[in-house]
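S.K.: have a look at this prediction, sequence included:
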Amino acid sequence: MCLGGWRWRRLSPIELLILLQLRKTPLYGYEIVRKLREEFKGVWEPKTGTIYPALRRLESRGLIETKLEEGKEYYHITPAGEELLRESLLTVEESLAFTGRYLSCILRHMPPHPRLLRAAAASIGLPALDIDQLASQDRKLALSTLRGIREILKARLEYVERKIQELEQAESKGGEQAD
């Protein structure tokens, strides 16, 4: 497939999130915004100025369609949208291992910032519920996700262990000098 064709088939991250929401049930625009705000609370706040243009792009590509129901425009995913979503999720699944290692490499070299540590601590508990749900739907994707999380946690633990050793060594040297 030529690059131009590939680019046409590709979804932006926002478009992917919208199709994931619509795969569950038809929604009107503000419901999509609200659900994404709940999903990403504290990390990202979707704006109508981002979501509605993405909805128009998806509709112009034939991936979703609008139907007037109860006086509101509801968005429905089309069969073409379902197919592209399936393809896109396979691509995401294939990149999870790389992403886990990429983040692991970066995190290994980052000093822990208190805010980062709080976010990491919070994220460890919350995904467990999502992973359980994911595992019941797609075991292969859940396994890839868990492996990525494991790599990130291992890298952070290795960093913490190195810092503990450095501090213990510095403390023992400092204690010897004080004697």
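M.R.: On my side now, so go ahead. Residues are numbered from 1 along each chain as shown.

S.K.: and K154, its phi and psi?
M.R.: Dihedral pair for K154: phi -60, psi -40, per degrees, to the nearest 10.

S.K.: could you give the number of residues near it?
M.R.: 14 (other C-beta atoms under 10 Å). Using the backbone N, CA and C atoms, a C-beta is placed for each residue, glycine as well.

S.K.: likewise the one 4 residues further on?
M.R.: The tally of other residues near E158 (other C-beta under 10 Å) stands at 13.

S.K.: need the per-residue pLDDT for it.
M.R.: Looking at E158, its pLDDT reads 83.

S.K.: chain center to whichever strand or helix holds it: distance?
M.R.: Using DSSP states H and E, E158 maps to helix 139-178. In terms of C-alpha atoms, centre = their mean, to the nearest Å, the centre of helix 139-178 is found 24 Å from the chain centre.

S.K.: repeat that for stretch 82-100.
M.R.: That offset, for stretch 82-100, works out to 11 Å (C-alpha atoms, centre = their mean).

S.K.: what does stretch 78-86 give?
M.R.: Centre to centre, stretch against its chain (C-alpha atoms, centre = their mean), the figure for stretch 78-86 is 20 Å.

S.K.: and the contacts of it?
M.R.: With contacts defined as C-beta atoms under 8 Å, 6 or more residues apart in numbering, stretch 78-86 is touched by 9, 11, 16, 19-20, 22-23, 58, 61-65, 77.

S.K.: let's see 10 Å
M.R.: For stretch 78-86, contacts defined as C-beta atoms under 10 Å, 6 or more residues apart in numbering pick out 9-11, 15-16, 18-20, 22-23, 58-59, 61-65, 75, 77.

S.K.: what comes into contact with stretch 94-102?
M.R.: 92, 141, 143-155.

S.K.: from the contacts of stretch 78-86, which land in helices?
M.R.: R9, E15, L16, I18, L19, L20, L22, R23, L58, E59 (DSSP state H).

S.K.: how much space between the closest residue to the third one other than its chain neighbours and E94?
M.R.: Yep, that's L16 we're talking about. Of all residues beyond its chain neighbours, the one nearest L16 is S88 (5.7 Å), with distances taken as C-beta to C-beta, 6 or more residues apart in numbering. Going from S88 to E94 by C-beta to C-beta, to the nearest Å gives 11 Å.
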